[in-house]
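Q: Quick one, structure for this:
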Amino acid sequence: MVDWALTGLVLLGFGHPVDLDPDDGARRRAAVRARFGQGPEHPLGPGLEVISTPRFLWVEDQARTLPAAPWTTDGAWAEAFEMARTAWAAREPDHATALVIVATFEAGDRELFYVPLSNDIEGLGAGEEAAIFDASAGSAFEGYVWMGSLTSLDEAGPEFATEAFLHELAHRWGAYLRLDAGFPSDLLLGRNQTHWNFFADTGNSPLEGNRWTEVPPDRWTTQIDAPPAFAFSPLDLYLMGVLPPEAVSPFIVLREPVAGIEPTWFRPLFSSPPAHRIHLEVSLRPASVSTVTIDDVVRANGPRVPPARASTTPVERQIGVVLLSDGHTNPSLELLSSFDRRLQGWVAAFGEATGQRLVLRTDLHSAGSGGLGASCSALADCDRTLTDRCAATSGGGLACTRTCLEHADCSGGCCTGGEAPGLCEMRPAGGACGPEPTVPGDAGVKADLELSPDAGARPLEDPETGCGCRSSSAAPSLGTWAIWIVAVWALRSGGRGCRRGARRRRHGDLEKTA
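A: Numbers count the residues shown, from 1 in each chain. Coordinates of the predicted model:
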C-alpha cells in the first residue's frame with residue numbers, strides 16, 4: 001500500500017530528513033582530500049578520548065575543537081574526518097580500506113556522502129571517482145563515508161539507514177558507467193550522474209534505479225518490496241569484482257515516457273529517487289525500451305582490471321567505523337551497545353545484498369573482548385559494548401562487569417550490592433539471586449498519582465530527570481487533559497525507564513576510560 005501522506009511530504013521536501021550525496025559534493029571531497037593525513041598520528045592529544053570496542057571506535061572531542069553547528073564550510077567536515085583518521089591510525093594503523101564516520105551530534109545539515117581517496121581499478125567508468133588516482137599515499141584508505149548523525153538516522157527510520165550504509169559504501173565502485181555505439185552516453189546514469197537512472201531496471205539496487213515489470217500491453221510498473229529487500233544488481237556485483245561479466249544478464253532501460261503515467265500528478269525524471277524510497281508505485285508507457293548488455297558496458301568503459309571473478313568463498317573487505325562525539329555526549333554502555341547492534345545489522349545487510357559474495361569486516365585489533373565475568377587487569381581488557389567496569393567481585397579477583405539496577409541488567413547473572421548501582425556477577429550455583437540493590441530515599445514514580453484535593457497546582461517531577469507530571473485542584477482544561485494523557489502514556493510505557501534514568505543520574509554518569 002502506498003503511504004500517500006509520506007509520499008506528498010517527500011515530494012514537497014519534508015520527507016526523509018537525510019539526503020544521500022549532496023549536489024555540491026565535489027568541493028567538499030576536494031577539501032577532505034586536501035586535509036588527509038595533515039594531523040598528527042601519534043600521540044593522541046589530551047583532548048581526544050578514544051575507546052576501542054570489538055567492532056568500532058568511540059572518538060570524543062573532549063577539547064571541543066570541532067566547529068559548532070551548523071557547519072557552513074567544507075573544512076568542518078574535513079576536520080571531523082581528520083580527527084577520526086588520527087584516532088584510527090593511533091589504534092588500528094592501516095587496518096581498513098574505508099572509514100565510516102557516524103556522529104552523535106547534528107552538524108547542521110542532513111547530507112550523507114562518500115569521499116573517494118584513491119582508485120586502482122580500471123573499467124569503472126568516467127569521472128573523478130572512477131579515475132585512477134591516489135590521494136592517500138602510504139595508506140590503505142580508499143574512501144571516507146559520512147553517515148550523518150544518529151538522530152537523523154533515527155528520524156529517517158531503520159530501513160533508510162540500512163540502505164544509506166549500503167549506498168555510500170557502494171560508491172567505491174559505482175555508478176559511473178558510460179555507453180557508446182548507438183546509446184546516449186549517460187543512458188545508465190541518473191541523479192548527479194553518479195547514481196543509476198530512475199528508468200533503468202536495476203532490481204531496486206541500493207545505488208538507485210528501479211525494478212521494472214512489463215504489464216502488457218506496453219506498460220511498465222515499478223515493483224516495491226515491503227519491507228524493502230536490498231540487493232545489488234548483477235552489474236553492481238561485476239563492478240565490485242565478485243561476479244564475472246558472463247554472469248551479468250542483459251537489462252532494460254525505459255526511454256522517454258510519453259503517456260499513461262500513474263499516478264497522473266507524478267512526473268518521473270531520470271534523476272528521480274527510486275520508487276521504493278518515496279513510497280510510490282509508478283506505472284508508465286515508454287516511447288521505447290533499450291536493452292543493454294555487459295558487452296556494451298565493457299566496450300564503452302574497458303574491461304575491469306583486475307578482472308571480476310566468482311569465488312567459492314566470500315571476498316572480505318575490511319572497513320573502519322568511528323562513532324564521533326563533539327564532547328557533549330558521554331560513552332554510556334547503553335549508547336555503545338545500541339550502536340553496536342545497529343552496526344552489526346548494517347554489516348549483515350551488506351553481505352545479504354551481495355548474496356554473501358562480498359562481506360564486510362569491522363573487527364578491531366585494539367579492543368578488549370572480555371564479557372561479563374571474564375578476568376581482567378584493566379577496563380581495556382573488556383568488551384565495552386557489554387561491560388563498563390573491571391572490578392573486584394565477591395568471588396575475589398578482578399573481572400569484567402557492568403553497573404546495574406536490577407537482575408535483568410545482567411544477562412542471566414545477578415545484580416549484587418546493597419545500594420544501587422550494583423555490579424553484575426555470575427549467577428550462584430544454587431541458581432537464585434539475592435535482593436536487588438536499593439536506592440535510599442527513592443520513592444520511584446508515584447504510580448497512583450496521590451494528589452491532595454486542596455494542594456493546588458504543584459509539580460510531581462524529579463528535578464534531575466524532568467520525569468513527572470502536574471496536577472491541579474481546578475477543573476481540568478484542554479491543556480490539563482493533554483497533560484494527563486501524556487502522563488498516563490508515560491506511566492504505561494516509560495515509567496520504568498524514568499525511574500531507572502533517575503537512579504542512574506543520582507549516582508553519576510558511567511566512568512569514561514580511554
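
Q: low pLDDT regions in the stretch 201-350 of the chain?
A: The stretch 201-350 of the chain contains residues with pLDDT under 70 at 258.

Q: could you pull out the helices for it?
A: 234-240, 294-301, 333-353 (DSSP state H, counting those that start in this stretch).

Q: what's the answer for the chain, then?
A: Here the chain has its helices, by DSSP state H, at 4-11, 25-35, 74-91, 150-156, 158-170, 234-240, 294-301, 333-353, 478-493, 495-506.

Q: Show me what the mean pLDDT comes to for the last one.
A: Think helix 495-506. Helix 495-506 shows a mean pLDDT of 40 in the predicted model.

Q: do the same with the fourth one
A: Per-residue pLDDT values across helix 150-156 average out to 92.

Q: How about the third one?
A: Helix 74-91 carries an average pLDDT of 91.

Q: So which of the helices of the stretch 201-350 of the chain is nearest residue 203?
A: helix 234-240 (8.1 Å; C-beta to C-beta). C-beta coordinates here come from the backbone N, C-alpha and C atoms, glycine included.

Q: Centre of the chain to the closest one, how far?
A: Chain-centre distance of helix 234-240: 23 Å, with C-alpha atoms, centre = their mean, to the nearest Å.

Q: now do stretch 420-437
A: Centroid displacement of stretch 420-437 relative to its chain, using C-alpha atoms, centre = their mean, is 35 Å.

Q: ok, now stretch 47-65?
A: From the chain centre to the centre of stretch 47-65 is a distance of 17 Å (C-alpha atoms, centre = their mean).

Q: tell me which residues in it are buried?
A: Buried positions in stretch 47-65, judged by neighbour count with 16 or more other C-beta atoms under 10 Å: 48-61.

Q: try stretch 358-376
A: Residues 358-360, 362, 364, 366-368, 370-374, 376 are the ones in stretch 358-376 that count as buried (16+ other C-beta under 10 Å).

Q: Show me which of these is closest to residue 132.
A: Proximity of the buried residues of stretch 358-376 to residue 132 (C-beta to C-beta) peaks at residue 358, which lies at 21.3 Å.

Q: what sits opposite that closest one in the beta ladder?
A: residue 315 (DSSP bridges).

Q: That one and residue 314 touch, don't they?
A: Yes: with contact defined as C-beta atoms under 8 Å, residue 358 counts as touching residue 314 (6.7 Å).

Q: list the contacts for the most centrally placed residue in the chain?
A: Central residue of the chain (C-alpha atoms, centre = their mean): residue 161, 5.2 Å from the mean position. By C-beta atoms under 8 Å, 6 or more residues apart in numbering, the contact set of residue 161 is 153, 154, 342, 346.

Q: Now flag whichever of the buried residues of stretch 47-65 is closest to residue 332.
A: For the buried residues of stretch 47-65, the closest approach to residue 332 (C-beta to C-beta) belongs to residue 58, at 10.4 Å.

Q: Please tell me I have it right and that closest one contacts residue 51.
A: Yes: at 4.0 Å, residue 58 and residue 51 qualify as touching, with contact defined as C-beta under 8 Å.

Q: what touches both of those two?
A: Going by C-beta under 8 Å, 6+ apart, residues that sit against residue 58 and also against residue 51 are 331, 336, 384.

Q: Show me which of the residues you listed is closest to residue 207.
A: Using C-beta to C-beta, residue 336 is the member of these that sits closest to residue 207, with 30.9 Å.

Q: what's the distance between the closest one and residue 50?
A: Noted for residue 336: a distance of 13 Å to residue 50, by C-beta to C-beta, to the nearest Å.

Q: Overlap of the contact sets of these two?
A: By C-beta under 8 Å, 6+ apart, residue 336 and residue 50 have these common neighbours: residue 58.

Q: what's near enough to touch the closest residue to residue 114 other than its chain neighbours?
A: For residue 114, ignoring the flanking residues on the chain, the nearest one in space by C-beta to C-beta, 6 or more residues apart in numbering is residue 171 at 3.8 Å. The neighbours of residue 171, taking C-beta under 8 Å, 6+ apart as the test, are 21, 114, 116, 129, 143, 194, 207.

Q: go on, residue 166?
A: With contact taken as C-beta under 8 Å, 6+ apart, residue 166 is in contact with 206, 230, 232, 346, 349, 350, 353.

Q: and which of those is nearest residue 414?
A: Nearest to residue 414 among the contacts of residue 166 is residue 346, at 33.5 Å by C-beta to C-beta.

Q: does the closest one really touch residue 162, like I thought?
A: Yes: taking contacts as C-beta under 8 Å, residue 346 lies within contact range of residue 162: 5.7 Å.

Q: and the nearest residue to residue 28 once chain neighbours are set aside, how far is that from residue 88?
A: Spatial nearest neighbour of residue 28, chain neighbours left out: residue 74 (4.4 Å); criterion: C-beta to C-beta, 6+ apart. Remark: distance between residue 74 and residue 88 (C-beta to C-beta) = 21 Å.

Q: Which one's more surrounded, those two?
A: Neighbours per residue (other C-beta atoms under 10 Å) separate residue 74 from residue 88, with residue 88 holding more: 25 against 19.

Q: List the beta-bridge partners for the spatially closest residue to that one that is not a sequence neighbour.
A: Using C-beta to C-beta, 6+ apart and skipping the chain neighbours, the partner closest in space to residue 88 is residue 320 (5.3 Å). Counting by DSSP bridges, residue 320 forms beta bridges with residue 99.

Q: what number of residues lie near residue 320?
A: Other residues close to residue 320 by other C-beta under 10 Å number 25.

Q: any idea how far it lies from residue 46?
A: 23 Å.

Q: OK, contacts around the closest residue to residue 196 other than its chain neighbours?
A: Leaving out its chain neighbours, the residue that sits closest to residue 196 by C-beta to C-beta, 6+ apart is residue 209, at 3.5 Å. Residue 209 is in contact with 190, 195, 196, 197, 198, 199, 200, 201, 202, 203, 233, 274, counting by C-beta under 8 Å, 6+ apart.

Q: just so I know, which of the helices of the chain lies nearest residue 263?
A: Among the helices of the chain, helix 4-11 comes nearest to residue 263, with 8.8 Å by C-beta to C-beta.

Q: Rounded mean pLDDT for that closest one, please.
A: Mean predicted lDDT for helix 4-11 stands at 38.

Q: residue contacts, the residue nearest to residue 28?
A: Residues counted as contacts of residue 74 (C-beta under 8 Å, 6+ apart) are 27, 28, 30, 31, 32.

Q: Now with 10 Å, please.
A: When contacts are counted by C-beta atoms under 10 Å, 6 or more residues apart in numbering, residue 74 touches 24, 25, 26, 27, 28, 29, 30, 31, 32, 34, 35.
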